[in-house]
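In: give me a model of this one.
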Amino acid sequence: MNRIRELRRLHSMTVEKLAEALGISVPYLYDLEKERRRLNEDLIAKLCDLFGVSADYLLGRDAPAAPGAEPTWYEKPVPPLEADLEDIIRNHPNLRLFGSPLDEKTKADLLLGLRAVWQALQAVRERKAAAQGGEKDESQ
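Out: Numbering: from 1, shown residues only. Below you'll find the model as predicted:
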């Protein structure tokens, strides 16, 4: 299971536009999306660079977290440290915007966005916890 179609749609790309960017025909891309043909190394590298993902992600091979593994930055109940967010943005080799490496202003904007995401997720977790607490009180 590959994620070509999912990533193409996520990036609002037509089949024609992606095929052109990869230097392949539209029917060939359709076959790749439907897994009638196998991806070669060159296409895997181009797709990973274009979409800013790892080969494992592209190929659907990224494994779920192991039991007992440390939660990701957005799953933790405490705000992420500045250094953690910096590491995510500044040291991630495949992080790209429309296939191009990020400039410093974009990285700074992403840092702000990641902080906002954590705050929004925390608010959702708190609402869910409050709703579950209310359900427990009613059942007692």
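
In: and Trp118, how many neighbours?
Out: 18 (other Cβ atoms under 10 Å). Every C-beta, even on glycine, is put in place using the N, C-alpha and C of the backbone.

In: which strands or helices does the helix or strand harbouring Leu112 pack on?
Out: In this assignment (DSSP states H and E), Leu112 forms part of helix 104-139. The contact analysis (3 or more Cβ pairs under 8 Å, 6 or more residues apart in numbering; DSSP states H and E) places helix 104-139 against helix 82-90.

In: paired strands for the next helix or strand after the helix it packs on, with orientation please.
Out: Beyond helix 82-90 in the direction of the C-terminus, DSSP H and E gives the next helix or strand as strand 96-97. Sheet pairing for strand 96-97, assigned by DSSP bridges, gives strand 100-101 (antiparallel).

In: let me see the mean pLDDT of the partner strand.
Out: Strand 100-101 carries an average pLDDT of 78.

In: which other residues reach it?
Out: Leu95 (Cβ atoms under 8 Å, 6 or more residues apart in numbering).

In: chain center to it: distance?
Out: Mean C-alpha position of strand 100-101 versus that of the full chain (Cα atoms, centre = their mean, to the nearest Å) differs by 16 Å.

In: do the same with stretch 125-136
Out: Per Cα atoms, centre = their mean, the centroid offset for stretch 125-136 relative to its chain is 28 Å.

In: same deal with stretch 110-126?
Out: So, by Cα atoms, centre = their mean, the centroid of stretch 110-126 is 16 Å from its chain's centroid.
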